[in-house]
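A.B. asks: kindly return the folded structure for what I paste below:
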Amino acid sequence: MELGQVPLLFSRLPMFPFFDAAHYLASVMALKEQRGAVEVSRQSPIACWFSAMLYCFGGSILSSLMLAEPPVGFLANSTNIFLASSVWYLVFFCPHDIIYRCFSFLPLRLMIAGMKEVTRTWKITAGVAHANSHYKNAWLIMVAVGWARGAGGGLISNFEQLVRGVWKPESNELLKMSYPVKVALVGAVLFTLQHAQNLPIARHNLMFFYTTFLVVTKVTMMLTQSAVSPFAPFESVLGRMLFGWQQTPSKVKGEARVSSNGTSSVCDRSAGEASESIKKGQAKKTE
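C.D. replies: As a prediction, this is how the structure comes out:
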């Protein structure tokens with residue numbers, strides 16, 4: 001086998017069952033690590049199962065809604081639903097938490113995370129192609145659907161939290177994007193440009209290089225326990241150039257609080273000195 005054929009063979013990898021199972025396992029484990037998720041699984045297993053399905057199939061649900069297709073279409077694939085449900089049950093209800101503890105072992109956790117990133121590439125490319133079948137060469141729709149398919153679980157996180165009885169509107173991904181949502185958006189743009197033949201690279205080569213970047217970055221972030229996005233330096237430069245970012249609101253508020261505290265302390269001192277002088281004058285008059 002020649003080295004140049006590796007990307008082509010890689011692009012033909014079947015996702016079912018191993019890569020899909022890794023995606024479901026990583027998603028359900030992430031759900032279990034959410035605050036209050038274990039308590040919800042004990043109080044209402046149905047709500048917990050529905051949250052797990054949103055984690056596993058959020059991209060398909062969101063992209064179906066965007067294309068005016070039935071959002072329950074993912075339920076038609078009974079095999080994948082059964083596989084995802086089995087993973088959910090084993091992670092949450094296995095005796096002594098054996099499955100969760102086993103796959104929390106760092107080498108296994110890294111392998112599962114890497115396989116999940118592989119499925120992200122396949123989801124983005126499938127979303128771009130599916131959008132193009134409905135709207136020919138509609139770039140924005142192709143990017144939006146590819147983005148939704150690749151990061152749907154994060155984009156509908158607020159709805160998933162509502163299922164568990166949690167309401168955190170400040171955690172909206174559009175307000176503060178997480179790294180998976182950002183990298184899925186970048187991937188959707190790249191694969192849309194390639195699909196429109198505006199990017200001089202073959203599809204299988206782009207899939208190979210993009211997936212390699214995803215896996216290497218994800219594993220590195222997990223090993224270093226870093227939550228800083230690799231896009232942070234570029235975001236800072238582009239933000240200053242395009243939108244004039246200078247200071248974050250928190251810094252401005254902090255400076256305002258310091259200045260207000262400083263003026264209030266001066267006023268308090270002056271008021272205290274004035275009251276002391278008045279008291280001294282009254283004491284002299286009485287003498």
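
A.B. asks: going forward, measure contacts between C-alpha atoms and count neighbours the same way
C.D. replies: OK.

A.B. asks: how many neighbouring residues does Pro14 have?
C.D. replies: As a burial measure, the neighbour count of Pro14 was computed by other Cα atoms under 10 Å and equals 12.

A.B. asks: gap between Phe159 and Val128?
C.D. replies: 24 Å (Cα to Cα, to the nearest Å).

A.B. asks: the more surrounded of the two?
C.D. replies: The residue with the greater number of neighbours, taking Phe159 and Val128 and applying other Cα under 10 Å, is Val128; the counts read 26 against 19.

A.B. asks: so which elements touch the helix or strand hosting Val145?
C.D. replies: Here Val145 is covered by helix 139-155, with elements defined by DSSP states H and E. With contacts defined as 3 or more Cα pairs under 8 Å, 6 or more residues apart in numbering; DSSP states H and E, helix 139-155 has these neighbours: helix 45-66, helix 106-134, helix 179-195.

A.B. asks: could you dump those helices to JSON lines with mean pLDDT and distance to Asn172?
C.D. replies: What follows is the helices and strands packed on helix 139-155, written out as JSON lines (pLDDT from 0 to 100; distance: least, Cα to Cα, whole Å):
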{"stretch": "helix 45-66", "mean pLDDT": "96", "distance to Asn172": "15"}
{"stretch": "helix 106-134", "mean pLDDT": "97", "distance to Asn172": "21"}
{"stretch": "helix 179-195", "mean pLDDT": "96", "distance to Asn172": "11"}
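
A.B. asks: so which of those helices comes closest to Leu242?
C.D. replies: helix 179-195 (18.1 Å; Cα to Cα).

A.B. asks: and the next element down the chain from that closest one?
C.D. replies: helix 203-224.

A.B. asks: what does that next one contact?
C.D. replies: 7-8, 10-11, 110, 113-115, 117-118, 121, 187, 191, 194-195, 227 (Cα atoms under 8 Å, 6 or more residues apart in numbering).

A.B. asks: change it to 7 Å
C.D. replies: Outside of helix 203-224, the residues that reach it under the criterion Cα atoms under 7 Å, 6 or more residues apart in numbering are 7-8, 10-11, 110, 114, 117-118, 121, 194, 227.

A.B. asks: include neighbour count when you put those into TSV, please.
C.D. replies: Formatted as TSV, the entries for these read as follows, by neighbours: other Cα atoms under 10 Å:
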residue	neighbour count
Pro7	17
Leu8	16
Phe10	14
Ser11	16
Leu110	20
Gly114	24
Glu117	25
Val118	24
Thr121	25
Gln194	16
Ala227	10
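
A.B. asks: is it possible to export those residues to CSV including distance to Ile81?
C.D. replies: Shown next, in CSV, are those (distance: Cα to Cα, whole Å):
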residue, distance to Ile81
Pro7, 30
Leu8, 29
Phe10, 25
Ser11, 24
Leu110, 24
Gly114, 22
Glu117, 20
Val118, 20
Thr121, 21
Gln194, 32
Ala227, 31
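
A.B. asks: how many other residues sit next to His96?
C.D. replies: The burial metric for His96, expressed as a neighbour count using other Cα under 10 Å, is 8.

A.B. asks: no more questions from me, cheers.
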